[in-house]
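Student: Here you go, sequence then predicted model.
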Amino acid sequence: MPNPILPLWEYIPDGEPRVFGDRVYLYGSHDRVGCEAFCDYKLKVWSAPLDDLNNWVCHGDSFRTKDGGERPADTPWTRNECYAPDVIEKDGKYYLYAYIVGSKGAVGVSDKPEGPFELLGQYRYDESIKVGDDGIFNDAGVLVDDDGRVYVYYGFEGSNMNELDPTDMHSVLPDSHMRPVMPDDESVPVERRFYEASSPRKINGRYYLIYSPRKGSRLAYAIAESPRGPFEYKGYIIDNGVDYPGGNNHGSVANINGQWYVFYHRMTNNTIMSRRACVERIEILEDGTIPPVEMTSLGFEESLDPYKTVPAEIACVLKGGCFVTEKDIFTRVITNITEGAVIGYKYFDFGEDYTGDSLTLAVKVRGMGMRSHVRVLIDGEDGEEVGQLEIGLADGVYKCKIKNITGRHSLFFKTYHGVEGWVKPQFDPKCMFELEYLTVMK
């Protein structure tokens, strides 16, 4: 399954991946298309079998803060939006931890990892017990250690940790509060300082805190030898704003079939509030560090097939103001394609067996009433030009011959008007066309 990994109408940001049994589950917020606010009043759960990561299934609403459909609200004290859940397993039960805007967070429990989750209540503590974040537990991530102790990491513009009572999973233990979890004073470079999106993991005996820093669109991480730290910044895993319309980032890592992945989200609809789930392969080195990875179109795939119909929206490079937008639940296009736009896909495997001189590239577009030209390149926006495509005035499929390509390559498009002479085009920065699909034919 290429990126985004869920059906293309689904918006699941803030993804927390968890492997339970023979399935991987993705817990996250739920964005609404065309909405001017983050998230929704419901949480949804998606999962896929470990032996078929292209077969994601939606398990429906797992928790609600407003009545909806056949499911009433689970929170009698609030009707505000719910964000950024995490789910962990303890003694055969599955516990949901959800952040609710302006309200103490909620904890739910289920006999099944997909829920639905029955409300246990809010975090329990009296005034003598110290907690951070005004008791809201922003973007809480939970770690059950090997000894059965339970730690909740959370915070907005400051990192907090409390220990929870493992007998009920939502009572805060006295004298357990820690702030900051990692150094966060003015001496720390702003691109390292904690902002939000706590996600703890224990990997090979080390404790990781994955989080969103105060500057940029990265997922950063810190490592400690104890769940109480001290946590030391080690770097970042991925940046969703490199050559792409960026925004906040929130995600985590999971080991699936022996391969480590980072789950994250990226933006659509020319907003930071329509975010979709993506995944990249990562490597965890012997010293515990994680080399940064680039955004690709791959998702769980090792390479994509250029000879199939490829939705334009799986592009992982969008420069010059173009962006993915939803026309309806069946149709998403790349729009706002103006002079000098760059659209890139990483990576296609063109194979080795074709011996012809050329291939045919075909693209399906929505015409915008002007002629435009596209340079077709491999291995980067400044890579080898393998052909040129002319786009006409109207909707349709436009084709061109390109050089025979073999092996694994990225594929890039760069637009230009192609008007010669002394008359300068007067339609900049008008959209030249909208891109729906592409394919390569032998």
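Tutor: Done, it's in. Residues are numbered from 1 along each chain as shown.
Student: Do I have it right that residue 141 meets residue 154?
Tutor: Yes: taking contacts as C-beta atoms under 8 Å, residue 141 lies within contact range of residue 154: 7.2 Å. The C-beta positions use only the backbone N, C-alpha and C, and glycine is treated the same way.
Student: what touches both of these two?
Tutor: Listed as contacting both residue 141 and residue 154 by C-beta atoms under 8 Å, 6 or more residues apart in numbering are residue 198.
Student: So those two - more neighbours on which side?
Tutor: Each of residue 141 and residue 154 has its neighbours counted (other C-beta atoms under 10 Å); residue 154 has more, 29 against 24.
Student: For the more buried one, which residues are in contact?
Tutor: Residue 154 neighbours (C-beta under 8 Å, 6+ apart): 99, 105, 132, 133, 137, 138, 139, 140, 141, 160, 161, 198.
Student: pLDDT at it, what is it?
Tutor: If you check residue 154, the pLDDT there is 97.
Student: can you check the one 3 residues further on too?
Tutor: Confidence per residue is given as pLDDT, and for residue 157 that number is 93.
Student: How many neighbouring residues does it have?
Tutor: Neighbour tally, residue 157, other C-beta under 10 Å: 12.
Student: that's a strand at it, yeah?
Tutor: No: counting by DSSP: H, G, I helix; E, B strand; the rest coil, one finds residue 157 to be coil, located in no strand.
Student: For it, give its distance to residue 267.
Tutor: Distance from residue 157 to residue 267, counting by C-beta to C-beta, to the nearest Å: 22 Å.
Student: next one: residue 132
Tutor: 29 Å.
Student: Who has more neighbours out of the two?
Tutor: Taking neighbours as other C-beta under 10 Å, residue 132 and residue 267 compare with residue 267 leading, 25 against 21.
Student: thought the more buried one was touching residue 240?
Tutor: Yes: the pair residue 267 / residue 240 is scored as a contact, 7.4 Å apart, by C-beta under 8 Å.
Student: hey, what's in contact with both of the two?
Tutor: 246, 247.
Student: remind me which residues of this protein are low pLDDT?
Tutor: Applying pLDDT under 70 to the chain flags the ranges 418-429.
Student: quick check: domain ranges of it?
Tutor: Domains of the chain are assigned by automatic domain parsing as 16-282, 310-441.
Student: Off-centre distance for the last one?
Tutor: Just to be clear, that refers to domain 310-441. For domain 310-441, the separation from the chain centroid amounts to 24 Å (computed by C-alpha atoms, centre = their mean, to the nearest Å).
Student: Same check on the first one?
Tutor: Offset of domain 16-282 from its chain centre (C-alpha atoms, centre = their mean): 13 Å.
Student: Any idea how far apart the tips of that domain sit?
Tutor: This stretch, domain 16-282, spans 16 Å end to end (C-alpha to C-alpha, to the nearest Å).
Student: And the shortest one, by the same measure?
Tutor: Using C-alpha to C-alpha, one end of domain 310-441 lies 12 Å from the other.
Student: for stretch 373-385, same thing?
Tutor: 13 Å.
Student: ok, back up a step: would you point to the one among the domains of the chain that's packed deepest?
Tutor: Comparing these by mean neighbour count (mean count of other C-beta atoms under 10 Å), domain 16-282 ranks first with a mean of 19.
Student: Columns distance to residue 293 on top of the domains of the chain, output as JSON lines?
Tutor: JSON lines is the format used below for those (distance: least, C-beta to C-beta, whole Å):
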{"stretch": "domain 16-282", "distance to residue 293": "5"}
{"stretch": "domain 310-441", "distance to residue 293": "11"}
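Student: For residue 8, which of these is the nearest?
Tutor: Closest of these to residue 8 is domain 310-441, at 5.7 Å (criterion: C-beta to C-beta).
Student: chain center to stretch 1-8: distance?
Tutor: A distance of 10 Å separates the centroid of the chain from that of stretch 1-8, by C-alpha atoms, centre = their mean.
Student: Enumerate residues external to that stretch that contact any of its residues.
Tutor: Residues contacting stretch 1-8 (C-beta under 8 Å, 6+ apart): 12, 26, 46, 53-54, 56, 266, 276-280, 295-301, 304, 311, 313-314, 316, 332.
Student: Now with 7 Å, please.
Tutor: Contacts with stretch 1-8, where a contact means C-beta atoms under 7 Å, 6 or more residues apart in numbering, come from 12, 46, 53-54, 56, 276-279, 296-301, 304, 311, 313-314, 316, 332.
Student: For it, buried residues please.
Tutor: 1, 2, 3, 4, 5, 6, 8 (16 or more other C-beta atoms under 10 Å).
Student: Which one of those residues is nearest to residue 120?
Tutor: Looking across the buried residues of stretch 1-8 and measuring by C-beta to C-beta, the closest to residue 120 is residue 6, at 28.1 Å.
Student: any idea how far the closest one is from residue 345?
Tutor: 19 Å.
Student: Ok, residue 205 next?
Tutor: Distance from residue 205 to residue 345, by C-beta to C-beta: 39 Å.
Student: same deal with residue 116?
Tutor: Taken as C-beta to C-beta, the span from residue 116 to residue 345 is 38 Å.
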